[in-house]
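Colleague: okay, here's the prediction I keep looking at, along with the sequence it came from:
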Amino acid sequence: MEVNSINSINAAVLAKMFLNGAKNLESKKEWINELNVFPVPDGDTGTNMTMTIMSAAKEVSAIENPDMASIAKAVSSGSLRGARGNSGVILSQLFRGFTKVIGKEQEVTVPVLCAAFQKAVETAYKAVMKPKEGTILTVARGAADKAAELAEETDDLVYFLDEVIKEAELVLKKTPDMLPVLKQAGVVDSGGQGLVVILQGTLDALLGKEIDYTIQADSSAAVRKITKETEEEIKFGYCTEFIIVLNKPLTDDGEHRYKAFLESIGDSIVVVADDEIVKTHVHTNDPGLAIQEALKHGSLSKIKIDNMREEHQERLIKDAQKLAAKQQKQKEEEAEHAPHKDIGFIAVSAGDGLSEVFKGLGADYMIEGGQTMNPSTEDILNAVNKVNADHVFVLPNNKNIILAANQAAALSEDKKVHVIPTKTIPQGITALINFIPEQTAQENETRMTQEIQNVKTGQVTYAVRDTVIDDKEIRQGDYMGIGDKTILSAGRDLEAVTLEMTESMIDDDSAIVSIYYGEEASKEGADAIAEKILEKHGDLEAEVQYGGQPIYYYLLSVE
């Protein structure tokens, strides 16, 4: 089909293009998540970029009669406050630069779009302290360079945007050559892929394609059709599926006992086993019992639990939301009514045990979040506003949250916000330990920032795919010990992997090892690891604490 050339875009069309770009990203977010370099079960670039752009899309869609200025304000403000993770913050800065140009225009032409691309890249690069090539920034710059070249040749926006996208795709394919870690993992940059997906969605809208990208709606439609009568006929309400990564192969007798247990708690049972994994499907009224039994044989992945009684599920969700809202309100009221002080603290934490550690060290306000759930710029800004202090220290405790914290600090109007660049939970704990009340905020910021450099952090989780990183061959389901910069150990034995990781972190200057066990680990397991560390390094101290963190069996620090 031949497409007529388009020489200008009005506000209504631009709004539609932006919303289509957002919807396209939303539809592909899980695929983008899977482009994570490390094969960990919490890749979240697609999620972060989607939540960032959707924050802006909600504001754009709420404009009744859009003009360029109102669209620009909605996109810039919405994405800036909704930004999550490094990829989301960089995306928000791209939008911020882009809208500085289009907000002043009545319509978008090739020269305007070209200038907007240039300003977007300039703004995003300035926002990142140490820009790294082979990332979303490189893809954006490649697109902007191509835009400058094309602006001399054409005034057709369709041809212009199509060629810009082709160049962005070409640069994206080259990102593994710019970042060795991408090449090792066999993936392109996930943030760059997200940007390409957004651009593709905008072009589809410009071409007049009416595409519904909300693919997840269909998958739940059948569940919503369950009537009350059908619900009452369901004997076992939870469809439960997971894969057991075996500690050792199941014997025939062991497999028979496992199936018999499942039959005692449910029906519709499917068990497929080999020497390494067991795929399980069961309908039961207590998924927890199935999971507890499965954990006796190994670690779990690909856990999926669907409530077949949809009405009941919706009631449970509403009750949980009410409880969470009540708890959040109580937490905010406690922070607001606390006595005024000079310096207050906010810490980002996932896991009730870790949150209690931070509170015990003087944290005034906890933000629920971490590797699997990066808080937005607005989440952090709201927390700052709740702390009754002139100076508010923010401990992001994750390298993917630092940019959003810095963005919140820049937006704070009536309080001085100090972001201590803690990349891990142990760094955050060390920062708080080294706070000295008698010193000024600036002196404490300097001291705390220096002290966190002395902390080595290790984290133990499992691999979601096969890969090779730093000459380590990793198989799906392996346990992995991840250090501050790379994967330190991998294998099928959780304790052995943890000890190997810890051993590589200990040196002659080490004095103490702290172990925080997560929600899928036990105190007994952590104690056993601590004992073996002390057997080999009798001059060290070792302490074990409950962390309760998801995804990661153990967090360790060596100081």
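Modeller: Yep, it's here.

Colleague: L80 against L381, yeah?
Modeller: No: counting by C-beta atoms under 8 Å, L80 does not reach L381; the two are 10.1 Å apart. C-beta coordinates here come from the backbone N, C-alpha and C atoms, glycine included.

Colleague: overlap of the contact sets of these two?
Modeller: L411 (C-beta atoms under 8 Å, 6 or more residues apart in numbering).

Colleague: pLDDT-wise, which helix or strand of this protein ranks last?
Modeller: helix 216-224 (a mean of 31; mean pLDDT, DSSP states H and E).

Colleague: tally of neighbours for K209?
Modeller: 10 (other C-beta atoms under 10 Å).

Colleague: actually, A56.
Modeller: 27.

Colleague: spit out the contact partners of it.
Modeller: F18, A22, A74, V75, S76, S77, G78, S79, G82, F95.

Colleague: again, only this time at 7 Å
Modeller: Listed by C-beta atoms under 7 Å, 6 or more residues apart in numbering, the contact set of A56 reads A74, V75, G78, S79, G82, F95.

Colleague: for the stretch 351-500 of the chain, what spans make up the helices?
Modeller: 352-360, 377-386, 402-411, 425-433, 441-451, 494-505 (DSSP state H, counting those that start in this stretch).

Colleague: the contacts of A56 in helices, which ones?
Modeller: Under the assignment DSSP state H, the contacts of A56 contribute A74, V75, G78, S79, G82, F95 to helices.

Colleague: kindly indicate which of these lies nearest P249.
Modeller: Comparing the ones in helices among the contacts of A56 against P249 with C-beta to C-beta places G82 closest, at 47.7 Å.

Colleague: ok, the spatially closest residue to the closest one that is not a sequence neighbour to S92 distance?
Modeller: Excluding its sequence neighbours, the residue lying closest to G82 (C-beta to C-beta, 6 or more residues apart in numbering) is S55, at 2.3 Å. Remark: distance between S55 and S92 (C-beta to C-beta, to the nearest Å) = 9 Å.

Colleague: what do these two both touch?
Modeller: S79.

Colleague: who's more crowded, these two?
Modeller: S92 (32 against 25).

Colleague: hey, where'd the helices end up in the stretch 101-250 of the chain?
Modeller: Using DSSP H, counting those that start in this stretch, the helices of the stretch 101-250 of the chain run over 110-127, 136-150, 157-178, 180-185, 190-206, 216-224, 228-233.

Colleague: these: which one's closest to T240?
Modeller: helix 216-224 (15.0 Å).

Colleague: residues contacting T486?
Modeller: Applying C-beta under 7 Å, 6+ apart, the residues near T486 are I469, D470.

Colleague: per-residue pLDDT of it, please?
Modeller: For T486, the pLDDT comes out at 88.

Colleague: is it true that F393 touches I420?
Modeller: Yes: between F393 and I420 there is a contact under C-beta atoms under 7 Å: 6.0 Å.

Colleague: average pLDDT across stretch 166-173?
Modeller: Averaging pLDDT along stretch 166-173 gives 96.

Colleague: you'd agree the residue nearest to G82 is up against S79?
Modeller: Yes: using C-beta under 7 Å, S55 is in contact with S79, at 6.2 Å.

Colleague: check what pLDDT T467 gets.
Modeller: pLDDT, T467: 82.

Colleague: circling back to that earlier point, any idea which helix or strand carries the residue nearest to G82?
Modeller: Assigned by DSSP states H and E, S55 belongs to helix 45-61.

Colleague: report the buried residues of that helix.
Modeller: 45-57, 59-60 (16 or more other C-beta atoms under 10 Å).

Colleague: next one: stretch 431-442
Modeller: So, applying 16+ other C-beta under 10 Å, buried residues of stretch 431-442: A431, L432, N434, F435, A441.

Colleague: contact partners for the second one?
Modeller: This points to L432. Applying C-beta under 7 Å, 6+ apart, the residues contacting L432 are F345, F358, L361, G362, A363.

Colleague: distance check, it against E451.
Modeller: From L432 to E451 the distance is 10 Å (C-beta to C-beta).

Colleague: what helices or strands is the helix or strand where K304 lies leaning on?
Modeller: Under the criterion of DSSP H and E, K304 resides in strand 298-307. Counting contacts by 3 or more C-beta pairs under 7 Å, 6 or more residues apart in numbering; DSSP states H and E, strand 298-307 packs against strand 238-246, helix 287-295.

Colleague: out of these, which one sits most buried?
Modeller: strand 238-246 (a mean of 21; mean count of other C-beta atoms under 10 Å).

Colleague: how about the backbone phi and psi for A542?
Modeller: Phi and psi for A542, reported as degrees, to the nearest 10, are phi -140, psi 130.

Colleague: mean neighbour count and distance to R475 added to the helices of the stretch 101-250 of the chain, as TSV?
Modeller: TSV is the format used below for the helices of the stretch 101-250 of the chain (neighbours: other C-beta atoms under 10 Å; distance: least, C-beta to C-beta, whole Å):
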stretch	mean neighbour count	distance to R475
helix 110-127	20	37
helix 136-150	22	30
helix 157-178	18	22
helix 180-185	16	14
helix 190-206	24	22
helix 216-224	10	29
helix 228-233	10	41
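
Colleague: all set now, cheers.
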